[in-house]
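Enquirer: Here's my sequence, what's the structure:
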Amino acid sequence: SMMEALPRFPCQPDPLRFWKRISPDRVALVDRPRGERLTYAELDAAADRWAGLLRARGIGRGAIVAALAGNRRELPELFFACGRIGAALLPLNWRLSAAELTPILADARPDLLIGEARFRDRADGHPAWMDLDADAPALLAAAHPSTEDIPISGDEPLLILYTSGSTGTPKGAILPHRQIFWNAVATTTAWELGADDVAPVSTPLFHTGGWNVFATPLWHRGGTVVLLDAFDPDGFLQATEEEGCTVALTVPTQLMMMAESARWGRPLPRLRRFVSGGAPCPPGLAAKVRAAGYTFREGYGLTECGPNCFAISDEEAVRRPGFVGWPVPYLEMRLEAEDGREARPGEPGELLLRGPQVFGGYLRNPERTAEVLSADGWLRTGDLAVRDEDGAYRICGRRKEMYISGGENVFPAEVEAALSECPGVAEAVVVGVPDDKWGEVGRAFIVPRADCALTEPDVVAHARGRLAGYKVPRSVFIVPEIPRLGSGKPDRRALAASEPALVEA
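Expert: Numbering: from 1, shown residues only. Next up is the predicted model:
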């Protein structure tokens, strides 16, 4: 692979080591809930203290350090510490119950589990527990800082992130040093990010978005990362304003919530753009963000590659609604049609990706790795995309979310986009459900706006005016909220299996 031609990095390029020399007093990390600001020199020193503490406990190359904590300064400190000693950091999903975390801990077998007391009961008496607040400060104060970084090869794990996906048991995606490094180089190049950029991180650090959309790329360039412990629309907009944030990652649900906030539309003079990811953004919502005076573009990525896979200019994003643009540097792409040939322009195909930003496989799971990663390095994303005549891409949706109604392919994202524009609709999720006549038909779940008396027939009538007949959902359910996966995406399996006790439209 491309990486084999590269030398073993002396500590796979750890940007703190560079910036603490060049610009030690520049702010690397703001822990906003705790009111703490760490310069590059301070973050570097904190990582060395953790590295010393971990080494003293016998943790080194190949070890796994799990963390069960919200977004706080210790997670980035541990991330860099692990990189320096050859260990991998596994940030666990604290939203999971003990019953859900137990199989993940059994699968990952971490050598140490560092966590917040509030989540202790979820770790089910894990033997190697270290309390982040009660134990760690004294242990760190007594630790001998470690300044000797071991040489690391690009393929060694740095992060392990468990992905639920929408199918079955969680699997631990290994993000090696090379993936995180090349994503940082590709992202900062393609998205034109530099040392003056400041990004809020409100998405949890058990997801790739929290680490690798803006945080690791900005540390690579000497920028500033602002950690928020949870998302609330007012707090996010306030932090973006007060910290002078220049770029901000959101998921569509967060944008919808912010658009209802009293602070929405206030000028954010330093904000260059909102970037939306994680799920397709309804065109009406993108238009609403721009109408409020903010610049907006959509991105696409996944834990297993990137996660920043495409780039588009702000001008093109306006001209081409729904497009994510062109591949970032170093990333090859193919679109594979149903019969295995290359899809023609305008024809949907499964998106395949190859490059140094592709993950290192699933932890101790060669079978599931082989299902998505070919011997010659192509990753099957399971997502369908269309390529324009000039090579720009638009994501259609998940291959497994697509349903076939009367022989016609239906992409829920497209139906959801149309339903989202119906007056009174706050959120729309569409799933395919079995049907004797059509094979599958659409079922829509609609969350109404607080101030609206919305009825099922209103939604159906709206859909009929905008969609081909076979795309119009056969049943519509108005619900108070949508069940979600840990990532914040709708839990489509739960919705498809649910039988709401409501009258069908």
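Enquirer: rest of the way, CA atoms for contacts and neighbours
Expert: Noted.
Enquirer: Surely Met197 and His220 touch.
Expert: No, residue 197 isn't Met; it's Asp. No: judged on CA atoms under 8 Å, Asp197 makes no contact with His220 at a distance of 11.5 Å.
Enquirer: list the contacts for Pro483?
Expert: By CA atoms under 8 Å, 6 or more residues apart in numbering, Pro483 lies in contact with Pro490, Asp491, Ala494, Leu495.
Enquirer: Are any of the residues you listed buried, and if so which?
Expert: Using 16 or more other CA atoms under 10 Å as the burial test, those include Pro490, Asp491, Leu495 as buried.
Enquirer: List the contacts of the strand or helix carrying Ile114.
Expert: Per DSSP states H and E, Ile114 falls inside strand 112-115. With contact meaning CA under 8 Å, 6+ apart, strand 112-115 is reached by Ile64, Val65, Ala66, Ala67, Leu68, Ala69, His126, Ala128, Trp129, Met130, Asp131, Leu132.
Enquirer: Just the ones in helices from the residues you listed, please.
Expert: With DSSP state H as the criterion, helices contain none of the contacts of strand 112-115.
Enquirer: Just give me the least confident of the residues you listed.
Expert: Lowest pLDDT within the contacts of strand 112-115 is found at His126 (81).
Enquirer: Spatially, what comes nearest to that residue if we skip its sequence neighbours?
Expert: Nearest non-adjacent residue to His126, counting by CA to CA, 6 or more residues apart in numbering: Leu113, 7.5 Å away.
Enquirer: Among the contacts of Pro483, which ones are in helices?
Expert: Per DSSP H, the contacts of Pro483 map to helices at Ala494, Leu495.
Enquirer: picking that back up, tabulate the contacts of strand 112-115 (CSV), appending neighbour count.
Expert: Below are the contacts of strand 112-115 laid out as CSV (neighbours: other CA atoms under 10 Å):
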residue, neighbour count
Ile64, 24
Val65, 26
Ala66, 25
Ala67, 26
Leu68, 27
Ala69, 24
His126, 17
Ala128, 12
Trp129, 19
Met130, 19
Asp131, 17
Leu132, 17
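Enquirer: Output stretch 363-378 as CSV, nothing but the C-alphas.
Expert: Listed next in CSV are the C-alpha coordinates belonging to stretch 363-378 (Å, rounded to 0.1, in the frame of the first residue of the first chain):
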residue,chain,number,x,y,z
LEU,A,363,-11.1,-5.6,15.9
ARG,A,364,-10.5,-9.4,16.1
ASN,A,365,-13.1,-9.9,13.4
PRO,A,366,-11.5,-10.9,10.0
GLU,A,367,-14.8,-12.3,8.7
ARG,A,368,-16.7,-9.0,9.0
THR,A,369,-13.6,-7.1,7.8
ALA,A,370,-13.6,-9.3,4.6
GLU,A,371,-17.3,-8.5,4.0
VAL,A,372,-16.5,-4.8,3.5
LEU,A,373,-12.8,-4.7,2.6
SER,A,374,-11.5,-6.4,-0.5
ALA,A,375,-8.0,-7.9,-0.8
ASP,A,376,-6.9,-5.0,-3.0
GLY,A,377,-8.1,-2.3,-0.5
TRP,A,378,-11.6,-1.3,-1.7
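Enquirer: burial of the residue nearest to His126, as a residue count?
Expert: 24 (other CA atoms under 10 Å).
Enquirer: Leu38 reaches Val27, doesn't it?
Expert: Yes: taking contacts as CA under 8 Å, Leu38 lies within contact range of Val27: 5.8 Å.
Enquirer: and after the helix or strand bottoming out on mean pLDDT in the chain, which helix or strand comes next?
Expert: Least confident helix or strand, the chain: strand 408-410 with a mean of 75, by mean pLDDT, DSSP states H and E. Sequence order places helix 412-420 as the next helix or strand after strand 408-410, per DSSP H and E.
Enquirer: avg pLDDT for that following helix?
Expert: Mean pLDDT, computed over helix 412-420, is 86.
Enquirer: ditto for stretch 368-379
Expert: On average, the pLDDT along stretch 368-379 is 96.
Enquirer: burial of the spatially closest residue to Ala215 that is not a sequence neighbour, as a residue count?
Expert: Counting by CA to CA, 6+ apart, Ala215 lies nearest to Val225, which is 5.9 Å off, once chain neighbours are set aside. Per other CA under 10 Å, the neighbour tally for Val225 reads 26.
Enquirer: Wait, a strand at Val225?
Expert: Yes: counting by DSSP: H, G, I helix; E, B strand; the rest coil, Val225 is found in a strand.
Enquirer: hang on, the earlier thing: if we go by neighbour counts, what in the least confident helix or strand of the chain is buried?
Expert: For strand 408-410, burial by neighbour count (16+ other CA under 10 Å) applies to Val410.
Enquirer: ok, the contacts of Pro483 vs Thr455, which is closest?
Expert: The nearest member of those to Thr455, counting by CA to CA, is Leu495 at 19.4 Å.
Enquirer: which residues does the residue nearest to Arg464 when sequence neighbours are not counted contact?
Expert: Using CA to CA, 6+ apart and skipping residues adjacent in sequence, the residue nearest Arg464 is Val472, 6.2 Å away. The neighbourhood of Val472, defined by CA under 8 Å, 6+ apart, consists of Val415, Gly442, Val460, Ala463, Arg464.
Enquirer: contacting residues for the fourth one?
Expert: Spelled out, it's Ala463. Applying CA under 8 Å, 6+ apart to Ala463 gives the contacts Ala418, Leu419, Cys422, Val472, Pro473.
Enquirer: Does Asn409 touch Arg399 like I think?
Expert: No: Asn409 is beyond contact range of Arg399, at 10.1 Å (criterion: CA under 8 Å).
Enquirer: shared neighbours of the two, which are they?
Expert: Listed as contacting both Asn409 and Arg399 by CA under 8 Å, 6+ apart is no residue at all.
Enquirer: Helices along the stretch 1-150 of the chain, start to end?
Expert: Taking DSSP state H, counting those that start in this stretch, the helices of the stretch 1-150 of the chain run over residues 15-22, 40-56, 74-85, 98-108, 136-142.
Enquirer: Can you mark which positions in the first one are buried?
Expert: Read that as helix 15-22. Counting neighbours by 16+ other CA under 10 Å, one finds that the buried residues in helix 15-22 are Pro15, Leu16, Arg17, Phe18, Trp19, Lys20.
Enquirer: Tell me how far Pro329 lies from Glu192.
Expert: According to CA to CA, to the nearest Å, Pro329 and Glu192 sit 12 Å apart.
Enquirer: Of the two, which one has the most company?
Expert: Under the criterion of other CA under 10 Å, the comparison of Pro329 against Glu192 puts Pro329 first, with 18 against 10.
Enquirer: Surely that one is in a strand?
Expert: No: judged by three-state DSSP, Pro329 forms no part of a strand; its state is coil.
Enquirer: give me every residue that touches the nearest residue in space to Leu53 that is not next to it in sequence.
Expert: Nearest residue to Leu53 in three dimensions, chain neighbours excluded: Ala143, at 5.2 Å (CA to CA, 6+ apart). Taking CA under 8 Å, 6+ apart as the criterion, Ala143 is in contact with Arg49, Trp50, Gly52, Leu53, Ala56.
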